[in-house]
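# sequence unavailable; structure follows:
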């Protein structure tokens, strides 16, 4: 059975968690606040004290069949003794019996230890308010959705990200055109000139993020970007207390194709903006060579909100640092048809008016 790391208040013994507003650890029982460094130094002073030795012998239960327990981990809560079962990518959670925040220290140690973490800046209340704001102004949202839709779960999750640095040397060739039109008393003329435009140069990338968890949809995680790295700090497990955390199950090597895709797309966009003064511009050949490529491992804060309406699940995500909120909403088909017919009516009236003016001329 793996071990848990739980942060106890030195004053009252209660379980403490990281407070995103204070940017400190705070005890919910006696309201004492602790800096990460202070608590870490206190922990070092306690090192060497004997641990409890509480072993049991029992024949209850039956053996797992082959493959049934693959990917599961079992932990014992040090506060209430309850058993916590999680998958092998969970690095922090809370006890389902007493609610105390716990960190699976074995899951974030050694080669799995992140280089950086961006601590949560926004709390659960802010996530709830952001969801309400996300509803507002949506004219095609069913009116009953706001009332009948209920939040099943709100989770503050530290999502694993690989951060890629690289220098990109690019050579891109475009086919471009310019069009000139004129007319005389007999004919209308159009002249199209074709050009081969070449662009070459270097562009640097820092900390291109790629989601390292297969459980998190890449498009959802990319939608809550950007994260601002100036708030990042060196990783310490105390920041995980009170939140959920996943370790990566998509390693850096497996994340490289997505990093390459993002870097190539950004490079192409940057170089395309330098080709101006043409009617059309089409890339014909692209060559990108990466140098000094390296990756770092970080945990980024994300609030996940799961809701249910008419038996369908809706998932929303909020950047725990900036508050950027994303998520799909249902469509009121009746309102959509009215809007569509109204739009068709406006277009039809405009066409009729234009036809009438042409007839007058």
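Received, thanks. Worth saying up front: this structure is predicted, and the values here are computed from it rather than measured.

# for residue 12, give its distance to residue 23.
Per CB to CB, to the nearest Å, residue 12 is found 22 Å from residue 23. Yep, even glycine has a C-beta here, placed from its N, CA and C like the rest.

# what of residue 123?
12 Å.

# rewinding a little: looking at residue 12 and residue 23, which one has more neighbours?
A side-by-side neighbour count of residue 12 and residue 23, using other CB atoms under 10 Å, places residue 23 first with 16 against 12.

# which non-adjacent residue is nearest that one?
residue 119 (6.2 Å; CB to CB, 6 or more residues apart in numbering).

# one more: residue 189?
Closest to residue 189 by CB to CB, 6+ apart is residue 182, at 5.2 Å.

# now the one you found: phi and psi?
Dihedral pair for residue 182: phi -160, psi 170, per degrees, to the nearest 10.

# repeat for residue 201
phi 160, psi -170.

# kindly state the pLDDT recorded for residue 152?
If you check residue 152, the pLDDT there is 76.

# that one looks like it's in a strand, true?
Yes: counting by DSSP: H, G, I helix; E, B strand; the rest coil, residue 152 falls inside a strand.

# residue 304 is in contact with that one, correct?
No: counting by CB atoms under 8 Å, residue 152 does not reach residue 304; the two are 10.8 Å apart.

# ok, these two, which is more surrounded?
residue 304 (20 against 12).

# which residues sit in contact with the closest residue to residue 124 other than its chain neighbours?
What sits nearest to residue 124 in space, not counting adjacent residues and going by CB to CB, 6+ apart, is residue 154, at 5.5 Å. Residues near residue 154 by CB atoms under 8 Å, 6 or more residues apart in numbering: 124, 127, 128, 303, 304, 305, 306.

# please parse this protein into its domains.
1-47+69-107, 127-330 (automatic domain parsing).

# to residue 113, which of the ones you listed lies closest?
domain 127-330 (6.3 Å; CB to CB).

# what kind of secondary structure is residue 10 in?
coil.

# which positions within the helix or strand residue 306 falls within qualify as buried?
Per DSSP states H and E: residue 306 is located in strand 280-309. By 16 or more other CB atoms under 10 Å, the buried positions in strand 280-309 come out as 288, 290, 295, 297-305, 307, 309.

# can you check stretch 151-160 too?
154, 156, 157, 158, 159, 160.

# surely the last one is in contact with residue 114?
Right, the one you point to is residue 160. Yes: between residue 160 and residue 114 there is a contact at 7.2 Å, judged by CB under 8 Å.

# and residue 12, its phi and psi?
Here residue 12 shows phi and psi, under degrees, to the nearest 10, equal to phi -120, psi -10.

# show me what contacts it?
So residue 12 contacts 27, 29, 30, 32 (CB under 8 Å, 6+ apart).

# from residue 203, how far out is the nearest residue to residue 283 once chain neighbours are set aside?
Once flanking residues are discounted, residue 283 sits nearest to residue 174: 5.4 Å by CB to CB, 6+ apart. Note on residue 174: its distance to residue 203, by CB to CB, is 17 Å.

# ditto for residue 185
52 Å.

# ditto for residue 319
26 Å.

# try residue 239
Residue 239 is 33 Å from residue 203, by CB to CB.

# between these two, which one's more packed in?
Legend: neighbour count by other CB under 10 Å for residue 239 and residue 203, higher for residue 239 (26 against 15).

# tell me the pLDDT of the more buried one.
87.

# correct me if wrong: it contacts residue 117.
Yes: judged on CB under 8 Å, residue 239 makes contact with residue 117 at a distance of 5.1 Å.

# what sits in contact with each of the two?
Listed as contacting both residue 239 and residue 117 by CB under 8 Å, 6+ apart are 158, 233, 299.

# thought the second one was touching residue 115?
No: using CB under 8 Å as the test, residue 233 is too far from residue 115 to be in contact (10.5 Å).

# C-terminal to whatever helix or strand residue 221 lives in, what's the next element?
Per DSSP H and E: residue 221 is located in helix 218-223. On the C-terminal side of helix 218-223, the closest following helix or strand by DSSP H and E is strand 233-234.
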